[in-house]
Each structure stands twice: as C-alpha cells, then as structure tokens.
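[1] Sequence and predicted structure below; questions after.
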There are 2 protein chains.
Amino acid sequence: MRSAAVSDLTARARIRDAAIRRFGADGFAAPVRAIAAEAGVSPGLVIHHFGSKDGLRAVCDEHVLRLIREAETEAFTASAPGDLLGHLAELDRYAPVVGYLVQAVLAGGDLAVTLLERMTRDAERYLADAVAAGRIRPSRDPSRRAAFLVDIGMGAVLSFVRRHPPVDGDYRATLRAYASANSLPALELYTEGLLTDATVLDAYLAIDDPPPGSE
Amino acid sequence: MRSAAVSDLTARARIRDAAIRRFGADGFAAPVRAIAAEAGVSPGLVIHHFGSKDGLRAVCDEHVLRLIREAETEAFTASAPGDLLGHLAELDRYAPVVGYLVQAVLAGGDLAVTLLERMTRDAERYLADAVAAGRIRPSRDPSRRAAFLVDIGMGAVLSFVRRHPPVDGDYRATLRAYASANSLPALELYTEGLLTDATVLDAYLAIDDPPPGSE
DNA sequence: CGGTCGACTGAACAACCGTTCAGAGTCTCG
DNA sequence: CGAGACTCTGAACGGTTGTTCAGTCGACCG
C-alpha cells in the first residue's frame, strides 16, 4: 500500500519539517499556505495542529534546538569556538537547520538570544579547557572574550550569506564557500594577530584600568 | 508665524527622513501608513512623490549612501578596519543612519552588497597603508583578509544588536555598550592572537598550498 | 450496523498591505 | 480674474495574509 505519496511521516511532522525548510529558505514571513503546499496539506490543517502560525514557529524552535543538542552529543569533537554552524554544515542532514538558525538570528527574538547565549556558554567552557591545556592564550576577561568570539563567528556567517546568498535556501554550498574563503584569514588572525605591537592595547589598559570585575 | 508644526523641511524630505527612521527602527516591512503618519502626511502623498514603496526605499538607499560619503570625507581619521559603524555612532546625528544600515544588512539586497563591498574596499586600502607603515602585519591573502575583517566587524554588531536590542530604534546606547563590551577582547585578539602556537596554521598551509590566487 | 472522534479540506472572513483616484485646496502666471 | 499645474487628502480597491468553520472522510468501537 504505497499510499504515502509525499512521505511516510505523520502529517504533523511533515508540516513541521516543511516549515523549517521554508522558514530557513524564505524567512519567517513565509506564508502558511506555502508551508501547507510544501507539506501537501491544506492551510486549515496547519492551524488545526499548531493552533496558529506562532505556535508552529514555537514547535519549530524547540525541534531545531533539540536537533542541535543531538548533533552536539553525537559528535562533540572539540571544534573551534563559534564554529557550531560550520560544524553542523558538514553533515548534510543538518542543512535545513543551519538555514533556520541563520534566519532566526537575522529575525531576532527568543531563539536568537537562546542560541547566542548557548553558543557563548559552550565557547567559554571550550576556551577555559584550551587555556588550561596551553593551546589558547589566557584573556583578561574570559567571559567577554567568549561572547565576542561567538559574535564575530556567527556574524561573519551572516555577512557572508549576504554577500553570497544561498540558492533556493540550500546553505551547504554557501557554507563550504565560507570555509574556503575565510579559513586562511581566520587562522592568520587567530595565530598571529593583526597588529605589530601592543601600543594600542597598552593605551587602552592604561586608561581603562580600574573597573575590571564589574557587571 | 510658527506654522511649521512638524518641520520646516519639504514634505518630500520629511517623508524621506521619516522613512529612514522607521525603516531603521522596524525594518523594511514598516507600513507606508506608519511612515506617512510620522511625516505628518497622507499615505497617498508618499506614493505621489516616490511612485511606490520600492521607489521610496531606493531614494532612502541613495540618501544614506550619500550621508556616509559625507561622513567619511568630513572625518577621515584613520579608523580601525570595519569600524565604520562605530565611527558613525560617535556622531549622534548619524544614529538613524546606523539603524538603517543594520536593517539593510539584515534584510539583504543591493544596499547590503554595496555597503559590504565598499567597506571591504576601504578596509583593503587602509590595511595596505598600515602594513606599509609597519603597524599591521602582512597577510598571505590581503584581499580575503580585508573581506574577513569586514565580515566579522559588521557581523559582530549584528549579533550584539540581537543580544541587546535597541529601544525604540535608537542605536546610540546599543553601540556605546558594544564598544564598551568588545574593545578589550578585540584589542587582545588583534594584538596577541588567540592560539599559543602556529601548528594549526602550518598544517593548513601545508595541505592547502597550491591554489592561493584563484577566484 | 450506528455512532463518535479525530484528521482533513476548502471556501469564506477579517485584517492589513500597497496602491489608485477623484477631488479639494493653493499657488502662479497671463 | 481665470486657467492651469501643483501638492495633498482620504476613501476605496485589489491582493495577500492568518484564521475560522461547516462539513466530508475514514477509522475505531459497542
């Protein structure tokens, strides 16, 4: 009985996956009708299952977050700080997830904050371990450094996506190009720095000396 | 005769400025009616002057680009690469422009590409001068390094804005907080790097040796 | 078999959007 | 003064959106 013309999943799961795909490709302004069409169902059924478009969005957020957690535990290889996206992109299975996350940060909102905070927390732990192991230099403010590295890592992806938009919402080629173009400059910056001397840093430390531990 | 209840500018200019303000605060999905209300005119007049919402958007793009050019020539103090936004934020006059640019990169499109390319070109020239002056280390691929530095500089602002959203579209406080939080980590990274040795970079150079000059 | 419940459809509704348009007001110039 | 060319209004139109709802279908159960 090959009745499953579209997929073997539940209609609910099919709608959820279609929504993640369309949200990731077109942003969260993607119409409910387009999601319904991609899932092969009627617009009414989407509301029937998820209550509203926001409800669908919430379920997608949770599902994506769960997928990330799985991916992290599945392959917890020590990756570079802020390289969560690049890591995910390696597995083609997670391509829609990457698109969804990029759109989430572009759009703002709770998922964006949650995601950035989670990445910062992970980066802080990773950096502390690497500092203890002697692979990474200590920082005068490890917490702020972790947040900064996550911001530039995630932000670089956003800017790169703007320069080289993915075709049809497929982020795999875009992220491969990202890695190809930015690996060398990133490694140069991370190992050699940018400036030839420490005059600017020393000047900053001199004027901003007093308040290092405040919130 | 203090009849100018809203402003002394032309209605056309008032609409343009209101659009830049609302686009910068709410994104380009801001309704024409909201822009018209803020400018103190009717929705029909907006179309009458600019043909369409896209026409208004195009005029705003040009105007913002012209403002940037003015700001550059007005104070062409050698700023850090990719620090165009921070530089603009210093002058409160340019606060709406900063919001508009952030929204432009978030939304994508022609202005985003134009802006990123312009910043990259400026950064490349600035870096070349600084390298010649011995202030900045040379790179194995100066062009890619310039693009990368712009991407992380602009991207860090985007991520930071997502973590600390501006209230009512006023980016001044947000960007001040950005400078306050990220100056130390950025200076650390730029002067000292991140890694303690060059093993990762050397490994990358070893395997990726052949194609350095391809597009 | 009759009945109930959930999945599901698709037409319809209300809200909002960009845009149109007929007309009112105002200014200029012959 | 009067004709024309402006700016400007605000109601209205068509399109798209999220959502509702009456009703169909099929599976399960007593």
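    Cool, the structure landed.
[2] hey, which helix or strand in chain A has the poorest pLDDT?
    Ranked by mean pLDDT, DSSP states H and E, the helix or strand of chain A with the weakest confidence is helix A:84-90, at a mean of 57.
[3] Quick check: residues of chain A near DNA strand C?
    A:11-12, A:40-45, A:48-49 (Cβ under 7 Å from any atom of the strand). Where you see a C-beta, it was placed from the backbone N, CA and C, and this is true even at glycine.
[4] which of those residues has the most neighbours?
    Comparing the residues of chain A next to DNA strand C on neighbour count, A:V41 comes out first with 19 neighbours (neighbours: other Cβ atoms under 10 Å in any protein chain shown).
[5] gap between the nearest residue to A:V167 once chain neighbours are set aside and chain B?
    Leaving aside its sequence neighbours, A:V167 sits nearest to A:A173 (Cβ to Cβ, 6 or more residues apart in numbering or on different chains; 7.5 Å). Using Cβ to the nearest Cβ, to the nearest Å, we find A:A173 at a distance of 16 Å from chain B.
[6] May I have the predicted confidence score for A:E74?
    Note on A:E74: pLDDT of 58.
[7] List, one by one, the residues from chain A near DNA strand D.
    A:29-34, A:43-44, A:46-48, A:52-54.
[8] if we can go back for a sec, now name the helix or strand holding the residue nearest to A:V167.
    Using DSSP states H and E, A:A173 sits within helix A:171-192.
[9] could I have stretch A:150-158 exported to CSV, CA atoms only?
    In CSV, the C-alpha atoms belonging to stretch A:150-158 read as follows (Å, rounded to 0.1, in the frame of the first residue of the first chain):
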residue,chain,number,x,y,z
VAL,A,150,30.8,34.0,19.2
ASP,A,151,29.6,37.3,17.9
ILE,A,152,32.3,37.6,15.3
GLY,A,153,31.9,33.9,14.3
MET,A,154,28.2,34.0,13.9
GLY,A,155,28.2,37.5,12.5
ALA,A,156,30.8,36.6,9.9
VAL,A,157,28.4,33.9,8.6
LEU,A,158,25.6,36.4,8.4
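[10] which outside residues touch that stretch?
    Identification of contacts with stretch A:150-158 by Cβ atoms under 8 Å, 6 or more residues apart in numbering or on different chains yields A:80-83, A:85-86, A:102, A:105-106, A:116, A:119-120, A:123, A:175, A:178, A:182, B:105, B:148, B:151-160, B:163, B:182.
[11] now these: which count as buried?
    Neighbour-count burial (16 or more other Cβ atoms under 10 Å in any protein chain shown) applied to the contacts of stretch A:150-158 gives A:80-83, A:85-86, A:102, A:105-106, A:116, A:119-120, A:123, A:175, A:178, A:182, B:105, B:148, B:151-160, B:163, B:182.
[12] Following the chain onward from the helix holding A:A173, which element is next?
    Taking DSSP H and E, what comes next after helix A:171-192 is helix A:199-207.
[13] That following helix: which residues count as buried?
    In helix A:199-207, counting by 16+ other Cβ under 10 Å, buried: A:201, A:204.
[14] so of the buried ones among the contacts of stretch A:150-158, which ones are in helices?
    Residues of the buried ones among the contacts of stretch A:150-158 located in helices (DSSP state H): A:85-86, A:102, A:105-106, A:116, A:119-120, A:123, A:175, A:178, A:182, B:105, B:148, B:151-160, B:163, B:182.
[15] quick one: low-confidence ranges for chain A?
    Confidence mapping of chain A against pLDDT under 70 gives the ranges A:1-8, A:72-91, A:208-215.
[16] Any idea which residue of it lies closest to chain B?
    At 1.9 Å from chain B, A:G155 is the closest residue in chain A, using Cβ to the nearest Cβ.
[17] how much space is there between that residue and B:D151?
    Counting by Cβ to Cβ, to the nearest Å, the separation of A:G155 from B:D151 is 7 Å.
[18] try A:L116
    Taking Cβ to Cβ as the measure, A:L116 falls 17 Å from B:D151.
[19] on that earlier part again, top of the residues of chain A next to DNA strand D by neighbour count?
    Neighbour-wise, these (other Cβ under 10 Å) top out at A:V46, 25 neighbours.
[20] element containing it, please.
    Counting by DSSP H and E, A:V46 is found in helix A:43-50.
[21] Quick check: what element follows that helix along the chain?
    That would be, after helix A:43-50 and using DSSP H and E, helix A:53-74.
[22] Now A:G51: phi and psi?
    Phi and psi for A:G51, reported as degrees, to the nearest 10, are phi 80, psi -50.
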